[in-house]
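Participant: Coordinates for the following, if possible.
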Amino acid sequence: HRRDKCLPYSTNNKMGELTYSTEWIPVQRLSLETVVVADDSTKALPSRLKGVWRVFVKCGECLSSRDIFDKSDPYCVVKVTSLDGMHSFEQVTSTKHNDSNPVWDEYFDF
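Facilitator: Below you'll find the predicted structure:
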């Protein structure tokens with residue numbers, strides 16, 4: 001299911017918006033994972049991977065400047081954490097120099 005959302009954020013009472021979407025992509029269960037068993041032989045097991053979350057970072061609008069003498073150089077950090085909090089993954093967009101309305105159009109799979 002794909003939905004575009006706006007995530008407002010606030011820094012020093014200045015607002016800006018980040019446009020992004022998320023999508024669940026199921027993975028076919030045909031892939032195999034090779035493991036070593038007790039007698040040092042290998043055995044192919046079905047993968048436990050059920051799918052991936054795809055995050056699409058579209059753009060930012062009216063981002064407040066974080067630099068003193070110039071416009072900001074914005075980038076996004078996309079971080080996901082497992083339900084139990086034991087695992088966390090991060091990916092970072094490219095940096096857009098001197099731009100308060102950056103367009104990233106970047107995808108990340110988790």
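
Participant: Where does the prediction get shaky in the protein?
Facilitator: Within the chain, the set of residues satisfying pLDDT under 70 comprises 1-15, 28-47.

Participant: What ranges does it have for its strands?
Facilitator: In the chain, the strands defined using DSSP state E lie at 3-11, 14-26, 32-36, 42-46, 51-61, 77-81, 88-92, 103-109.

Participant: packing partners for the longest one?
Facilitator: By that I understand strand 14-26. Using 3 or more C-beta pairs under 8 Å, 6 or more residues apart in numbering; DSSP states H and E as the contact criterion, the neighbours of strand 14-26 among helices and strands are strand 3-11, strand 51-61. Backbone N, C-alpha and C define where each C-beta goes, glycine included.

Participant: Give the closest residue to residue 53 in space, chain neighbours not counted.
Facilitator: residue 110 (4.8 Å; C-beta to C-beta, 6 or more residues apart in numbering).

Participant: for the closest residue to residue 77 other than its chain neighbours, what are its contacts?
Facilitator: In space, residue 77 comes closest to residue 92 once its chain neighbours are excluded; the distance is 5.3 Å by C-beta to C-beta, 6+ apart. By C-beta atoms under 8 Å, 6 or more residues apart in numbering, the contact list for residue 92 reads 75-78.

Participant: separation between residue 92 and residue 110?
Facilitator: 13 Å (C-beta to C-beta, to the nearest Å).

Participant: Residue 54: neighbouring residues, count only.
Facilitator: Residue 54: 15 surrounding residues under other C-beta atoms under 10 Å.

Participant: go on, residue 86?
Facilitator: Other residues lying near residue 86 total 7 when counted by other C-beta under 10 Å.

Participant: Look up how far residue 109 lies from it.
Facilitator: Residue 86 sits 20 Å away from residue 109, going by C-beta to C-beta.
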